[in-house]
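Q: Sharing a sequence plus its predicted fold:
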Amino acid sequence: KNQVEQSPQSLIILEGKNCTLQCNYTVSPFSNLRWYKQDTGRGPVSLTIMTFSENTKSNGRYTATLDADTKQSSLHITASQLSDSASYICVVSTINTGTASKLTFGTGTRLQVTL
Amino acid sequence: DGGITQSPKYLFRKEGQNVTLSCEQNLNHDAMYWYRQDPGQGLRLIYYSQIVNDFQKGDIAEGYSVSREKKESFPLTVTSAQKNPTAFYLCASSPFAGASATEAFFGQGTRLTVV
């Protein structure tokens, strides 16, 4: 069964500190991995998308890594800001021939940045 | 201003009533999706559509129905057969269903509450 597991479930950090969120997956066949940021009561917004051949990708203060051999990804947030408080969702895509690409969602890590 | 728009943002329904959630996109995307989000769970796919006049069941289609009469629109009807309809509903679209690393854009969601 395709699964995406994220850790920790929740995290509280001080403003200005760094943090790393983890994502492990068992999705097969693998197509790409995405990280989304979801503010409370809003739709997810894409941060990064990585294919099999990419092992790191940055978007401002967000840096995602991918190890396709161990099926692990991480999202590193540098110099956190209060506006980073949100849920971060790891999503893994697989392609089924002749059908829409299938996305498997993790349950997310809820990050709270405090003063 | 391009994007994907869901309406209404909040919706209340009495038990036994059908309700329809609207989803419109002006991104010229071929594929559209409906997800349901419940606390502590990842997004689950209800229905998806790759082209006009065609749609497929997702993982939790029971009690829901959709139509795709226009490329821009993919409304979701929550019927009285859905036993636990209270949830946050997200609509998404992507350029081409079969491509690999295509971005999926989400609407802002509709929170449905059964009273």
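A: Yep, that arrived. Numbers count the residues shown, from 1 in each chain, chains lettered A, B, ... in the order given.
Q: rest of the way, CA atoms for contacts and neighbours
A: Fine.
Q: can you count the residues close to A:Leu6?
A: I think there's a mix-up here, since residue A:6 is Gln and not Leu. Residues near A:Gln6, counting by other CA atoms under 10 Å in any protein chain shown, number 22.
Q: what secondary structure does the residue nearest the centre of chain B sit in?
A: Taking CA atoms, centre = their mean as the criterion, B:Trp34 is the residue nearest the geometric centre of chain B, at 2.7 Å. Classification of B:Trp34 by DSSP: H, G, I helix; E, B strand; the rest coil places it in strand.
Q: Without its sequence neighbours, what residue ends up closest to it?
A: With sequence-adjacent residues excluded and distances taken as CA to CA, 6 or more residues apart in numbering or on different chains, B:Trp34 is closest to B:Cys91, at 4.6 Å.
Q: Distance check, the one you found against A:Pro29.
A: Distance, B:Cys91 to A:Pro29, using CA to CA, to the nearest Å: 25 Å.
Q: more crowded one of those two?
A: For B:Cys91 versus A:Pro29, the count of surrounding residues by other CA under 10 Å is larger for B:Cys91: 32 against 11.
Q: In which helix or strand does that one reside?
A: strand B:87-94 (DSSP states H and E).
Q: What mean pLDDT does that strand get?
A: Averaging pLDDT along strand B:87-94 yields 94.
Q: So which elements touch that strand?
A: strand B:4-7, strand B:31-37, strand B:105-106, strand B:110-114 (3 or more CA pairs under 8 Å, 6 or more residues apart in numbering or on different chains; DSSP states H and E).
Q: same thing but 10 Å
A: Counting contacts by 3 or more CA pairs under 10 Å, 6 or more residues apart in numbering or on different chains; DSSP states H and E, strand B:87-94 packs against strand B:4-7, strand B:19-25, strand B:31-37, strand B:44-51, strand B:105-106, strand B:110-114.
Q: wait, A:Ala79 sits on A:Thr63?
A: No - using CA atoms under 10 Å, A:Ala79 is not in contact with A:Thr63, being 11.9 Å away.
Q: So for these two, which residue has more residues nearby?
A: It is A:Thr63, of A:Ala79 and A:Thr63, that has more neighbours when counted by other CA under 10 Å, with 17 against 14.
Q: what's the distance between the more buried one and B:Thr77?
A: 39 Å.
Q: Then B:Arg68?
A: 12 Å.
Q: quick one: which of the two has more around it?
A: Ranked by neighbour count (other CA under 10 Å), B:Arg68 and B:Thr77 place B:Arg68 first, with 19 against 16.
Q: Could you confirm the more buried one falls within a strand?
A: No - judged by three-state DSSP, B:Arg68 forms no part of a strand; its state is coil.
Q: just the strands in chain A please.
A: Per DSSP state E, chain A carries strands over the ranges A:4-7, A:10-14, A:19-25, A:32-38, A:45-51, A:56-59, A:62-67, A:72-77, A:86-94, A:102-105, A:109-114.
Q: ok, the residue lying closest to B:Phe12 once chain neighbours are set aside - contacts?
A: Distances taken as CA to CA, 6+ apart place B:Thr113 nearest to B:Phe12, at 4.8 Å, with adjacent residues excluded. B:Thr113 sits next to B:10-15, B:84-88 when contact means CA atoms under 10 Å, 6 or more residues apart in numbering or on different chains.
Q: Just among those, which is most surrounded?
A: So for the contacts of B:Thr113 (other CA under 10 Å), the most neighbours sit at B:Phe88, 22 neighbours.
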